[in-house]
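A.B. asks: sequence below, structure please.
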Amino acid sequence: MAFFAAPFLLPDALFLVISPLKALTDDLKRRLRETGIAGGVWPSHEVHWDSAQLVLVSVHHAAGQDFFNLLQSPPIKFRLRRIFFDEAHKIPTDIMYRPLFGVIHHLYRTGIPIMFLSGSMMHRIIPHVLWIMKIDDFALVDEIRRDMGQPNLNIHHKELVKFISQQLSTLASHERGMIFTESRAQADQLGHELGIPVYHALLSEDVKTTAAIQWRNGVMPQDHFIAATEAFGAGINEPHVRIIIHSNPRSLTSYLQETGRAGRDGLPSYCFILHSHIPPPLSIKAY
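C.D. replies: Next comes the predicted model:
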């Protein structure tokens, strides 16, 4: 609501949304079309900067010098009112294998107000986000927080991977399920064994887009489930996700974010944990 409502409040202004995941960018693009808000995904020819209200930019492009130069040029500079960084918990959690998060601080140097959004950012992570963004004056930062719990979710612990196949027949035609795996190889294996769509970072853009569409349309019963890594885990807003299954989850932040895909229609939904081996001990991080 923060960035989709903004153009309705200030229709003549421009707003930018930075997205850390390809799947999230695709989902936001779909929702942008549904709202009728002028804009699109940059870089592309569909963005007309003199009339655009909301423009989506992947973090890969936002970290580049071309994007920084773009923000300094008219007509953008004088219309841009706010930059939204969606799923901002990814900034500290993914920086080790996505170094581009370490140079995204140039957004702060533009002087444009930035809003960091996340449904699973713990309070202790915020100083680390600010450190990466080179925001050293905490007086400039306001924190707005609400309870992250979802009382309509029923969380279960299961031990047998066979449980996945048992759930394929439990969903209504409009309902969906998601399986979050501990590795890309496991996602591929489940996709092969169960005949369900697969989504992870090593797949081509066309394959990932096709998998997401196949899952959303749900033509065949096996299409109602998708096997994915965290590449499909943040910000996906499908209202009727009824079942979330985790295989050997290791990160509490990712687990909280991914279970948050369920029950977005407010109806009771179910989250299952499948452990095939003893979880590793929790590592102690700087944040």
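A.B. asks: quick check: bridge partners of residue 83?
C.D. replies: When bridges are called by DSSP bridges, residue 83 pairs up with residue 16, residue 114.
A.B. asks: how many other residues sit next to residue 194?
C.D. replies: Neighbour count for residue 194, taken as other CB atoms under 10 Å: 16. No exception for glycine: its C-beta is placed from N, CA and C like everyone else's.
A.B. asks: how does this structure divide into domains?
C.D. replies: 2-140, 153-274 (automatic domain parsing).
A.B. asks: can you map out the strands along the stretch 1-150 of the chain?
C.D. replies: Secondary structure of the stretch 1-150 of the chain, counting by DSSP state E, counting those that start in this stretch: strands at 14-19, 39-42, 54-58, 80-85, 114-116.
A.B. asks: name the helices or strands packed onto the shortest one?
C.D. replies: In terms of contacts (3 or more CB pairs under 8 Å, 6 or more residues apart in numbering; DSSP states H and E), strand 114-116 is packed against strand 80-85.
A.B. asks: check which residues of the strand it packs on are buried.
C.D. replies: For strand 80-85, burial by neighbour count (16 or more other CB atoms under 10 Å) applies to 80, 82-85.
A.B. asks: and the strands of the stretch 1-150 of the chain, which is most packed in?
C.D. replies: strand 14-19 (a mean of 25; mean count of other CB atoms under 10 Å).
A.B. asks: tell me what angle that strand forms with strand 80-85.
C.D. replies: 10 degrees (axes from the mean of the first three to the mean of the last three CA atoms, to 10 degrees).
A.B. asks: off-centre distance for strand 14-19?
C.D. replies: With CA atoms, centre = their mean, to the nearest Å as the basis, strand 14-19 stands 14 Å off its chain's centre.
A.B. asks: then stretch 214-221?
C.D. replies: Computed by CA atoms, centre = their mean, the chain-centroid distance of stretch 214-221 equals 21 Å.
A.B. asks: put the alpha carbons of that stretch into CSV.
C.D. replies: The C-alpha coordinates for stretch 214-221 follow below in CSV (Å, rounded to 0.1, in the frame of the first residue of the first chain):
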residue,chain,number,x,y,z
GLN,A,214,2.0,-21.9,-14.8
TRP,A,215,1.7,-21.8,-11.0
ARG,A,216,-0.7,-18.8,-11.0
ASN,A,217,-3.0,-20.2,-13.7
GLY,A,218,-3.1,-23.6,-12.1
VAL,A,219,-4.6,-25.4,-15.1
MET,A,220,-3.5,-28.9,-14.0
PRO,A,221,-3.6,-30.1,-10.4
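A.B. asks: what lies in contact with that stretch?
C.D. replies: Applying CB atoms under 8 Å, 6 or more residues apart in numbering, the external contacts of stretch 214-221 come out as 168-169, 171, 173-174, 176, 197, 199, 223-226, 238.
A.B. asks: and if you look at stretch 252-262?
C.D. replies: 87, 89, 93, 118-122, 125, 148, 150, 153, 155, 178, 180, 230, 233-234, 236, 238, 241-244, 246, 249, 269-271.
A.B. asks: helices along the stretch 151-287 of the chain, start to end?
C.D. replies: Using DSSP state H, counting those that start in this stretch, the helices of the stretch 151-287 of the chain run over residues 163-167, 184-194, 205-217, 252-259.
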